[in-house]
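> structure, please.
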Amino acid sequence: MAQPAIRVGILGATGAVGQTFVRRLANHPWFSIAALAASERSAGKSYRDAANWLSSRPMPEAVADMEVVPCTPDAVDADLVFSGLDSSVAGEIEADFAEAGFPVISNAKNYRMAPDVPLLIPEINPEHAALIDEQTWSGGGFIVTNPNCSTVGLVCALRPLVEAFTVEAVQVTMLQALSGAGYPGVASLDALGNVVPYIGGEEEKLDEEPRKILGTYADGAIQEADLAVSAQCNRVPVRNGHLACASVRFSDAIGPDAVEDAFRTYESPVDVSALPSAPERLVVVDNAPDAPQPRKHVYAGDGMTVTVGRIQACTVNHVKFVALSHNTIRGAAGGAILNAEQLVHEGRITPAVA
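As a prediction, the model looks like this:
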């Protein structure tokens with residue numbers, strides 16, 4: 001569908017997630033970058049001078065000479081804001097923007113588990129967007145979040161199984177890319193030739209977030225899914241791509257063929273084909289014996305598709321598999337942009353009337 005230009009601001013525009021927002025919004029058919037906001041030390045500089053550009057692709061010329069403004073509502077002239085802010089500052093700043101009437105599409109963790117804030121993946125739980133109606137920011141704005149990057153791949157793989165069967169429990173070992181730690185992230189001497197079996201807060205997010213995302217919306221609230229998740233999270237020396245090695249227990253004896261069929265036949269509860277960032281398939285199956293691999297598969301669906309492989313019977317639970325997702329695209333900026341597109345499609349975000 002044709003869309004009028006919607007002006008967007010990016011909060012935390014100079015950081016790693018902010019830069020991914022910039023790259024993916026630079027030529028977006030619905031959104032135009034109207035404001036780049038960052039900390040006081042960056043405000044007043046050109047984006048070219050303020051951002052330590054991390055991508056191998058050149059900085060988009062359209063934004064290079066834009067002046068970076070402070071992360072305050074009075075400095076940002078836009079119809080909505082994307083937040084790539086660090087969680088240490090995101091809570092207060094995002095609340096200020098919501099109070100000022102802005103739709104805030106956030107990648108930060110601060111409001112994910114708030115009962116009136118959608119933790120949204122359009123192909124999985126679009127009905128949760130109705131939680132926006134329960135928010136009471138005085139200026140009429142709202143906050144919508146996308147899940148943690150480690151949660152996304154797992155939940156995208158679990159949704160087809162939850163729809164087809166009764167899932168009781170999941171054991172998952174996460175192998176998480178270095179880019180998930182932001183920049184400068186993990187020290188090189190800790191990362192090279194090494195695996196770090198600890199990522200602060202990640203295991204707790206994997207315990208909490210899937211139950212909300214896979215829960216049922218009714219009467220203005222989410223009834224969380226009855227699902228146990230046991231997670232172990234490891235930082236591995238890979239640039240992009242989180243790998244989830246999952247073992248699933250069902251209420252009945254479900255086998256690998258039925259699980260593979262559920263992956264292959266899953267359809268989103270809403271038609272997302274009109275959304276510019278939506279991939280053709282949320283989940284694809286690759287039956288190669290050594291798939292999926294970050295180097296080969298992480299950019300499936302322009303980084304928005306989850307690739308599943310190694311679907312096997314499990315001697316502890318019922319079925320085990322491996323799911324790969326792009327942590328900074330589907331798991332961060334790309335997922336947030338898709339959320340905004342869905343909210344535009346629903347009429348919850350519109351251009352300001354001049």
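> C-alpha from now on. contacts and neighbour counts both.
Fine.
> flag the shaky bits of the chain, pLDDT-wise.
Within the chain, the ranges that satisfy pLDDT under 70 run 1-4, 353-354.
> now with 90, please.
Scanning the chain for pLDDT under 90 picks out the ranges 1-5, 55-57, 183, 350-354.
> for it, what's the longest helix?
Longest helix of the chain, by residue count under DSSP state H: helix 149-164.
> report the buried residues of it.
Buried residues in helix 149-164, counted by 16 or more other CA atoms under 10 Å: 149-162.
> repeat for stretch 7-25
For stretch 7-25, by 16+ other CA under 10 Å, it's 7-23, 25.
> could you work out the end-to-end span of that stretch for me?
Using CA to CA, to the nearest Å, the end-to-end distance of stretch 7-25 comes to 11 Å.
> residues contacting it, please?
Identification of contacts with stretch 7-25 by CA atoms under 8 Å, 6 or more residues apart in numbering yields 31-39, 47, 50-54, 59-60, 71, 76-86, 182-183, 328-329, 332-334, 337, 351.
> sec struct for residue 144, please.
Using DSSP: H, G, I helix; E, B strand; the rest coil, the structure places residue 144 in strand.
> can you select the buried ones from the contacts of stretch 7-25 in ChimeraX?
Entered in ChimeraX, the line below selects the buried ones among the contacts of stretch 7-25, by 16+ other CA under 10 Å:
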select :31,32,33,34,35,36,37,38,39,47,50,51,53,59,71,76,78,79,80,81,82,83,84,85,86,328,329,332,333,334,337,351
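> which of the contacts of stretch 7-25 fall within helices?
When the contacts of stretch 7-25 are checked against helices (DSSP H), the matches are 47, 50, 334, 337.
> excluding chain neighbours, what is closest to residue 60?
In this structure, residue 60 finds its nearest non-sequential neighbour in residue 26, 6.7 Å apart by CA to CA, 6 or more residues apart in numbering.
> repeat for residue 241
Of all residues not flanking residue 241 in the chain, residue 326 sits nearest, at 4.5 Å (CA to CA, 6+ apart).
> state the distance from the one you found to residue 45.
Between residue 326 and residue 45 the computed distance is 31 Å (CA to CA).
> with neighbour numbers in mind, choose between those two.
Neighbours per residue, other CA atoms under 10 Å: of residue 326 and residue 45, the larger number sits with residue 326, 31 against 16.
> assess the claim that the more buried one and residue 302 are in contact.
No: the pair residue 326 and residue 302 fails to qualify as a contact (CA atoms under 8 Å) at a distance of 9.3 Å.
> who touches stretch 307-322?
Taking CA under 8 Å, 6+ apart as the rule, stretch 307-322 contacts 157, 243-250, 253-256, 259-260, 283-292, 297-298, 300, 323-325.
> ok, 6 Å please
244-249, 256, 283-287, 291-292, 323-324 (CA atoms under 6 Å, 6 or more residues apart in numbering).
> just the ones of these in helices?
Per DSSP H, those map to helices at residue 256.
> so which of the contacts of stretch 307-322 would you say is closest to residue 167?
Within these, the smallest distance to residue 167 is 6.1 Å, found for residue 249 (CA to CA).
> sec struct for the nearest residue to that closest one once chain neighbours are set aside, please.
Spatial nearest neighbour of residue 249, chain neighbours left out: residue 317 (4.7 Å); criterion: CA to CA, 6+ apart. Here residue 317 is coil, with the state taken from three-state DSSP.
> and the gap between residue 317 and residue 250?
Distance from residue 317 to residue 250, by CA to CA: 8 Å.
> so residue 222, which state does it fall into?
Under three-state DSSP, the three-state class of residue 222 is strand.
> hang on, it packs against residue 213?
No: Residue 222 lies out of contact with residue 213 (CA atoms under 6 Å); the separation is 8.8 Å.
> between those two, which has more neighbouring residues?
Between residue 222 and residue 213, residue 213 has the larger neighbour count (other CA under 10 Å), namely 30 against 20.
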